[in-house]
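> Sequence and predicted structure below; questions after.
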Amino acid sequence: MPARRLQPPRRLLGAFVAVALASAGALGWLGWLLLRQDAALDVQRQQDRVEQAADRTAAAMQRSIVDLQARVGSPAATLPAGVVSISITASGITASPAGAVLYYPTRAPEEPLPASTFSDGERLEFAVSNPRGAADEYLRLAAARDARIRAAALMRLARARRKAADPDGALRAYDDLARLDPVTIDGLPASLLARTGRGSVFDDTHQTAALGSEAAALLRDLAAGRWHLLEAEYDFYASQAAAWLGTKPSSDPNAQVRTEAAAWLWRNRQSLDSSRRRSLTLSSGEALVAWQAAGEKTSAVVAGPDYLKSLCADAVPDGFLCSLGDADGRVVAGERTAPSHTSTMRPASASGVPWMLHVSMAPGSEKATTSPRRRLLILAFTVVALVLAAGWYFILRAMSREVRLARLQSDFVAAVSHEFRSPLTSLSHVANLLADDRIGSDELRRRSYDVLVRESDRLRRLVEGLLDFGRFEAGAASLRMERIDVAALVRTTVSDFRERARADGYAIELDAPGDAIYAPADHDALSRALWNLLDNAVKYSPDCKTVWVDMRCDDGRIAIAVRDQGLGIPANEQREIFDRFVRGAESTHRRVRGTGIGLALVRDIVRAHGGEIQLTSEPGRGSRFTMVLRTAAGGIA
């Protein structure tokens, strides 16, 4: 057989790897195409969902705005949160609920008090510079029956006492003035004048804590829209309170939007068209106003930013975001995301609401729209990939084992050839010498016959070993199980091997019971297994010339151990050393003769007897092979 036929099939392995890579690439490309198509369908489904959500949102907003228009003129308690009711007449404007706006664009005129009412007190206060006398005159008028006169007198009384360096008296006058609310003085509420007057007294007397408390209360009342003030009046008192606190004036943006919207309604009361609804972009924010005119009275509602936010939040379906924008693209309510396939826009003309409507998927909701088909595709391709990978792994493993087996078989053929060549060469050489009668003495002739017998026996054992191995591998081996004396078999086999090993300088030491130990066994097969173990011990003990054989019988089990102090077997090779054609790396490196079937044959023989073979070894310290067999009924005789 040509040598190249015994070489590992590397081309077959390369072809398999190429086919595996090609099939994996084709599977991956097909999966990528299908997933890409499914992703495109998923994008289309998401776009459809967003468009449907935008339609539903616009319809819900339309219903809410129509309902708001229908509530024009209704009591404030029936209006949604963030919406105030405005009533406009020829005499002025009112807002409900109370405090809904910060200030008003106008107020009804107030009839002034007679100029002579406080003339005596003002003469004493300003012309004569007699604040105490003026205070007495104002105190007398503070007891008048007319609440307006009492309020004006108390205001002047507090001023006169401040000039007279009587801050406590001034504070008492302001306290009395505060109790006359809602009386007004020149259009200003008495409680507002009393609060600012108290703050001025605290400021003059450097009562910092009291001043801060009074200023904070004044700001709270202004922010709550407690008083019917004009814009300039509101700004003045807010600035005064903020100055006392050392801060800047501020107000609620929603209240500021409602206030500016109320002012817009007042300014445009004569020109309000029949549309009955309009969105306003004011300096403080966006507002929605709706109105209804009935004669000289106009009723309106004003919805500020809070209402617009709730309108967006209530109208948009779950899992989506809504935002409203004005004509300039500014966001007036809601949250807007960057344009993508998960967002859409409706202009005011298409949505039916007075703003540009933006609807988008909420962050994270895109994952929830992943189609079951895509998950099924991913699962299917994952399963197929795992099956292919497992198939490739097992095929590659099988091919690797075949490659390794082919290499071992090649080594086996070479080893067997060498094993046959050595005795055949000796037999041929001695036979030629005898045939040519070139051996002169009887002693040399006798030695030549010994060589013929020894090499013939070696060749016979080699052939018988190969035949036995072939029969065990083919499953055709049949053992002749008999009840034999295993101890006698061990002694006989060791004695025969000792004669052969003595020529090479080896000693075999036996430690075995003298009594007979019976077990069901095949005499020839068991003897061959022991012979193989002894032969291995001698071959792999180049330095130590002693081999030990121990035999023990305990608990119905026979243990026959062969121990040497030779090369030893590494732990990573001990698992495969009983496989066919396998030889240790150290023995191959040292070129120790052998075929690699001796231990495999021992394992098969021991297993056929229902026993087991055990190995204990350490590199450089030798090996111990133990055959464990079962005894026959009766055991030791």
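On my side now, so go ahead. Numbers count the residues shown, from 1 in each chain.

> check contacts around Leu192.
Applying C-beta atoms under 8 Å, 6 or more residues apart in numbering to Leu192 gives the contacts Asp221, Trp227, Leu229, Tyr237. C-beta coordinates here come from the backbone N, C-alpha and C atoms, glycine included.

> Which pair of these spans the longest distance?
Asp221 and Leu229 (10.5 Å; C-beta to C-beta).

> These two: which is more packed in?
Neighbour totals were compared for Asp221 and Leu229, and Leu229 leads with 23 against 18 (other C-beta atoms under 10 Å).

> Quick check: phi and psi on the closest residue to the more buried one other than its chain neighbours?
Closest residue in space to Leu229, ignoring its immediate chain neighbours: Tyr103 at 4.7 Å, by C-beta to C-beta, 6 or more residues apart in numbering. Dihedral angles of Tyr103 (phi, psi; degrees, to the nearest 10) stand at phi -150, psi 170.

> just Ala100 next, same as before
Per degrees, to the nearest 10, the backbone of Ala100 is at phi -70, psi -30.

> and it, what is it in contact with?
Counting by C-beta under 8 Å, 6+ apart, Ala100 touches Ala76, Val84, Ser85, Gly225, Ala255, Arg258.

> Of those, which belong to helices?
Using DSSP state H, Ala255, Arg258 are the members of the contacts of Ala100 that sit in helices.

> could you flag which of the contacts of Ala100 are buried?
The neighbour count (16 or more other C-beta atoms under 10 Å) marks Val84, Ser85, Gly225, Ala255, Arg258 as buried among these.

> so which of these comes closest to Glu509?
Here the nearest of the buried ones among the contacts of Ala100 to Glu509, counting by C-beta to C-beta, is Ala255; it sits at 112.3 Å.

> on that earlier part again, any chance of CSV for the buried ones among the contacts of Ala100, columns distance to Gly556 and pLDDT?
Rendered in CSV, the data for the buried ones among the contacts of Ala100 read as follows (distance: C-beta to C-beta, whole Å; pLDDT from 0 to 100):
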residue, distance to Gly556, pLDDT
Val84, 105, 93
Ser85, 108, 93
Gly225, 107, 91
Ala255, 103, 91
Arg258, 105, 92
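
> which of those lies closest to Val562?
Using C-beta to C-beta, those come closest to Val562 at Ala255, 104.8 Å.

> Quick check: nearest residue in space to the closest one, chain neighbours excluded?
For Ala255, ignoring the flanking residues on the chain, the nearest one in space by C-beta to C-beta, 6+ apart is Leu102 at 5.4 Å.

> got a list of what Tyr307 touches?
Per C-beta under 8 Å, 6+ apart, neighbours of Tyr307: Pro80, Ala81, Gly82, Val83, Leu288.

> Pull the most distant pair out of those residues.
Greatest spacing in the contacts of Tyr307, by C-beta to C-beta: Ala81 and Leu288 (13.9 Å).

> neighbour-wise, which of those two wins?
Applying other C-beta under 10 Å to Ala81 and Leu288 shows that Leu288 carries more neighbours, namely 26 against 8.

> helix, strand or coil for that one?
Secondary structure for Leu288, judged by DSSP: H, G, I helix; E, B strand; the rest coil, is strand.

> How about it: what's its closest non-neighbour residue?
Ala303 (4.3 Å).

> Give me the pLDDT for the one you found.
Here the pLDDT value assigned to Ala303 is 92.

> switch to numbering from 629
All right, first residue 629 from here; so that's Ala931.

> What is the burial count for it?
Neighbour count of Ala931, defined by other C-beta under 10 Å: 28.

> next one: Val647
Val647, neighbours per other C-beta under 10 Å, totals 11.

> host element of it?
Element membership of Val647, judged by DSSP states H and E, is helix 638-698.

> tell me which strands and helices that helix is in contact with?
Applying 3 or more C-beta pairs under 8 Å, 6 or more residues apart in numbering; DSSP states H and E, we find helix 638-698 packed against strand 913-922, helix 933-943, strand 948-953, strand 971-974, helix 976-979, strand 984-989, helix 1000-1063.

> By mean pLDDT, show me the worst of the ones you listed.
With a mean of 68, helix 1000-1063 has the lowest mean pLDDT of these.
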